[in-house]
Every structure is written in structure tokens, then in C-alpha cells.
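Enquirer: build me a model:
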Amino acid sequence: MKKILLIFSASLLMGACAQQESVTVTVSNPIELDREGELVEVSMADISNKLRLPDTAEVVIIDENDQEIPYQITYNDMLVFPVSVKGESTTTYTIAVGTPQPVEVTACGRVYPERLDDLAWENDRTGFRAYGPALQARGERGFGYDIWTKNVPEPVLEERYDGELNHGISYHVDHGNGMDCYAVGPTLGGGTAALFPDSTIVYPYCYKECEVLDNGPLRFTARLVFHPLTVKGDSSVVETRIISLDKGSQLNKTVITYDNLSETTPIAAGIVLHREHPDGYASNASAGYIAYADSTQSTTAGNGVIYVGAVFPDNVETAVQLFPEAEQKDRNGALGHVLGISSYNPGSEYVYYWGSGWSKYGFAADTDWIQYLEEYARKVRHPLTVEIL
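Expert: Numbering: from 1, shown residues only. Okay, the predicted model is just below:
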């Protein structure tokens with residue numbers, strides 16, 4: 001009898017240590033807006049612990065219709081995947097051990113040392129560029145983000161750089177999948193944030209260091225570190241940005257920190273205003289967005305309208321700040337900025353979202369773009385709730 005009990009106890013122990021077949025993830029939507037294709041995150045470490053996975057094991061994600069869902073494991077060990085959740089409802093996903101299907105890369109980018117250290121990245125909706133140290137070394141002033149238009153879901157930036165650098169094919173002309181027709185110059189460009197003491201923009205220059213942390217298939221992430229700045233009495237303020245762009249999103253999430261800043265300081269995210277459309281800006285402080293319809297290089301050239309915007313998860317002030325007329329020439333003719341102004345507390349993180357759309361790819365009018373920003377801001381302020389069961 002004692003031997004039988006020992007065998008039975010051992011069997012129970014072995015069963016308790018056996019690999020769990022699956023875990024359930026519930027995703028709840030607190031607002032009435034449907035959430036389609038929005039990426040959510042769960043800790044891969046938590047999933048591995050619940051499933052008792054070895055380090056080399058793979059998983060699959062299945063939705064309520066028994067369809068496999070693509071996913072990515074990010075640099076910080078988060079499992080991210082797109083969800084579909086109706087307004088004010090909950091959807092369930094199952095994560096189990098298995099071999100996932102290949103996933104097409106839609107969010108990707110790299111540093112282009114062959115083109116003055118540009119960092120360029122894109123997803124299935126739009127593309128962007130941040131200028132690097134080689135451009136700064138030769139004296140060009142490009143402070144803000146550049147915008148690349150596109151109207152196809154597949155990656156195009158590698159092809160554009162190759163055409164420009166090796167085959168004499170200008171990426172400033174639309175060859176059927178978009179182009180670079182946005183003007184940045186010595187401004188904040190397409191949504192860059194900068195410290196704003198005494199209502200004066202302390203422009204960041206080109207990045208000093210860049211590390212690509214995630215390179216698709218669903219999310220691109222990069223960390224940028226900048227040269228020290230002088231901000232009032234602080235002479236060695238170093239900015240670090242972590243920029244991430246998800247599949248399906250027009251906007252980048254950006255997390256900013258400042259080292260060696262001694263006091264709470266205003267910070268402003270800005271969009272440059274161009275002469276071609278001086279009154280094309282809009283803002284709503286309570287809804288949490290700023291917007292601009294940019295007719296850079298004019299619509300008569302067939303370039304369409306670039307829609308630019310920024311969204312803020314917390315309360316923000318909005319303003320338009322114009323350059324003095326005598327200064328506009330030195331700003332490549334730019335008129336000024338529309339700004340979203342917040343406060344940065346030393347030791348904290350400043351989070352906001354910025355990006356673009358195009359009249360040739362889903363945004364027929366500025367009202368469509370503003371509606372997108374308003375809904376995006378509501379989603380940011382009312383995030384999906386994710387629970388592992």
C-alpha cells in the first residue's frame with residue numbers, strides 16, 4: 001500500500017510539472033470606438049512561465065474564429081500582436097505551444113551611413129527620417145523629423161535610397177509609390193519635441209548615437225541619443241528618445257527623457273507651418289491633438305497634401321508661434337510652428353505620438369485627418385486592458 005501511495009504521489013507531481021497546453025488572454029475595450037489592428041502587449045516571460053516553455057520554444061496565437069494571429073517579440077521581451085475588439089466589448093485570444101506561420105515585414109528601417117547617417121523607417125502606411133551626425137558635421141541644419149509619403153503597404157524606402165544613391169533616380173519624385181516632398185530645414189519639422197523654456201525652442205540637432213532595437217515584422221523601434229544642450233542654467237542636458245512605429249498606425253509613439261536637467265521645464269511638440277498653406281493648422285487642447293495640412297511644393301505639382309499631427313495622452317496647451325519676418329529667410333521660408341505644450345519633470349518620461357498621412361493614401365480631406373487624430377487621442381487616453389488568465 002505504501003508503495004502504491006508513493007507511485008500515486010509521484011504521478012501527481014509529474015502532472016503538476018507537465019507543460020500547460022495554453023493560456024487565455026482577454027482584451028477589453030472601454031470605449032465605444034471599435035479597435036481594429038491595434039497592437040497590444042503581454043509579457044513573454046509571463047507566457048513562458050505559465051506554459052513552462054524552454055528558451056527555444058515557439059508559440060502560436062489563435063483568435064475566437066480559430067484564425068492564427070501574427071506576433072512579434074520585442075527587444076524588451078514583450079509579445080505584441082494585433083487585436084480586433086468591438087466598442088465596449090471583450091475579445092479572447094489563446095496562446096499555445098506551436099510553430100507560427102511566417103509574417104510579412106511591414107514595420108522596418110535602418111541607418112543609412114551612405115546617405116549622411118539618415119535613420120529612415122516605415123510601416124504599411126507612411127515613412128519617416130531623422131537626420132544623423134554626418135549631416136550635422138557638414139553644417140546642414142535639419143532639426144526635425146522628415147516625412148516620406150507612400151501609398152503601398154510594402155516597404156519602399158530601401159528601394160528609394162538605392163535609386164537615389166546608385167541609379168540617379170530622385171526620391172523627390174513620385175514613381176508610383178510615393179516620395180519625399182516634405183520640407184524640414186532648421187525647424188521642428190513633422191512633430192519633433194523640444195524643451196521650451198521662456199517660450200523659446202531649444203532645438204535638438206541631429207542625433208549623436210542610434211540603436212535599432214526592433215526591426216519588424218510588426219513594430220520598428222529605435223533609441224536616439226543627442227548631443228548635450230544648454231537649457232537655462234544647465235549646460236549638459238542630454239536627450240534620449242525611444243521611437244516606435246507599429247503596423248497600421250499613422251503615428252509613432254515616442255518616449256523622451258532628459259538627463260542633467262535640474263528643474264521642471266516646458267516641452268513643446270511642434271509642426272512646421274509653410275507658406276503654401278499658412279492657415280492649414282488646427283488644434284484642440286482638450287481633445288489632445290495638433291494638426292496641419294501641408295501643401296509642401298504645392299499641389300499643382302501633383303504631390304497632394306501631407307497631413308501631419310501629434311497626439312498627447314495628458315493635458316496640453318496649444319499655441320501658434322510665428323518666426324519674426326526677418327528670421328523666416330534663415331528658416332528656409334518657414335512661417336513658424338503649431339505647438340502642443342506640456343511640462344517635463346526631471347527624472348520622468350515624456351510620452352506623445354506624432355506622424356503623418358497623405359491625400360493619396362486614405363485621407364481625402366483635412367476633416368478625415370482630424371477625425372483620425374481625435375479618435376487616436378481617445379484610444380490613447382482609454383487604452384485596451386489586457387489580462388492573462
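Enquirer: for the protein, longest strand please?
Expert: Looking across the chain with DSSP state E, the single longest strand is strand 234-246.
Enquirer: who does that one touch, helix- and strand-wise?
Expert: strand 118-122, strand 219-226, strand 229-231, strand 251-259 (3 or more Cβ pairs under 8 Å, 6 or more residues apart in numbering; DSSP states H and E). All C-beta atoms are positioned from the backbone trio N, CA, C, and that covers glycine.
Enquirer: Tyr207 against Leu135, yeah?
Expert: No - counting by Cβ atoms under 8 Å, Tyr207 does not reach Leu135; the two are 10.0 Å apart.
Enquirer: follow-up on the earlier one: make CSV out of the helices and strands packed on strand 234-246 and add distance to Val105, mean pLDDT and mean neighbour count.
Expert: Output for those, formatted as CSV (distance: least, Cβ to Cβ, whole Å; pLDDT from 0 to 100; neighbours: other Cβ atoms under 10 Å):
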stretch, distance to Val105, mean pLDDT, mean neighbour count
strand 118-122, 10, 98, 24
strand 219-226, 10, 98, 21
strand 229-231, 35, 96, 17
strand 251-259, 17, 98, 20
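Enquirer: one step back: out of Tyr207 and Leu135, which sits in the more crowded spot?
Expert: Per other Cβ atoms under 10 Å, whichever of Tyr207 and Leu135 has more neighbours is Tyr207, with 24 against 18.
Enquirer: hey, what's that one bridged with?
Expert: Note on Tyr207: beta-bridge partners by DSSP bridges are Phe226.
Enquirer: of the helices and strands packed on strand 234-246, which approaches Thr94 most closely?
Expert: With Cβ to Cβ, the closest approach to Thr94 among those belongs to strand 219-226: 21.8 Å.
Enquirer: on that earlier part again, out of the helices and strands packed on strand 234-246, nearest to Pro346?
Expert: Proximity of these to Pro346 was assessed by Cβ to Cβ; the nearest stretch is strand 251-259, lying at 7.1 Å.
Enquirer: after that closest one comes which helix or strand?
Expert: For strand 251-259, the following helix or strand on the C-terminal side (DSSP states H and E) is strand 265-273.
Enquirer: who does that following strand touch, helix- and strand-wise?
Expert: When contacts are defined as 3+ Cβ pairs under 8 Å, 6+ apart, strand 265-273 sits against strand 190-195, strand 289-294, strand 306-311, strand 317-322, strand 336-344, strand 350-358.
Enquirer: counting contacts, what elements does the helix or strand that that strand is followed by pack onto?
Expert: Using DSSP H and E, the helix or strand that follows strand 265-273 in sequence is strand 281-284. Applying 3+ Cβ pairs under 8 Å, 6+ apart, we find strand 281-284 packed against strand 289-294, strand 317-322, strand 336-344, helix 366-381.
Enquirer: may I see the helices and strands packed on strand 234-246 organised as a markdown table, with distance to Gly144 added?
Expert: As requested, the helices and strands packed on strand 234-246 are arranged in a markdown table below (distance: least, Cβ to Cβ, whole Å):
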| stretch | distance to Gly144 |
| --- | --- |
| strand 118-122 | 13 |
| strand 219-226 | 13 |
| strand 229-231 | 15 |
| strand 251-259 | 13 |
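Enquirer: tell me which of those strands sits nearest to Glu68.
Expert: Closest of the helices and strands packed on strand 234-246 to Glu68 is strand 219-226, at 18.4 Å (criterion: Cβ to Cβ).
Enquirer: can I get the closest one in PDB, CA atoms only?
Expert: Only the C-alpha atoms of strand 219-226 are listed here, as PDB (Å, rounded to 0.1, in the frame of the first residue of the first chain):
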ATOM      1  CA  ARG A 219       7.000  47.100 -34.900                       C
ATOM      2  CA  PHE A 220      10.100  49.200 -35.500                       C
ATOM      3  CA  THR A 221      11.800  50.700 -32.500                       C
ATOM      4  CA  ALA A 222      15.000  52.900 -32.300                       C
ATOM      5  CA  ARG A 223      16.800  54.600 -29.500                       C
ATOM      6  CA  LEU A 224      18.400  58.000 -30.300                       C
ATOM      7  CA  VAL A 225      20.800  59.900 -28.000                       C
ATOM      8  CA  PHE A 226      21.600  63.500 -28.700                       C
END
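Enquirer: tell me the most buried of the helices and strands packed on strand 265-273?
Expert: Highest mean neighbour count of those: strand 306-311, a mean of 29 (counted as mean count of other Cβ atoms under 10 Å).
Enquirer: could I get the average pLDDT for it?
Expert: For strand 306-311, mean pLDDT rounds to 98.
Enquirer: same question, stretch 316-324
Expert: For stretch 316-324, the mean pLDDT works out to 97.
Enquirer: how far away is the residue lying closest to Trp148 once chain neighbours are set aside from Asp63?
Expert: Spatially, and ignoring its direct neighbours in sequence, Trp148 is nearest to Gly127 (3.3 Å; Cβ to Cβ, 6 or more residues apart in numbering). As judged by Cβ to Cβ, to the nearest Å, Gly127 and Asp63 stand 29 Å apart.
Enquirer: so between these two, which is more surrounded?
Expert: Neighbours per residue (other Cβ under 10 Å) separate Gly127 from Asp63, with Gly127 holding more: 22 against 16.
Enquirer: partners of the more buried one in the sheet?
Expert: Beta-bridge partners, per DSSP bridges, of Gly127: Glu122, Trp148.
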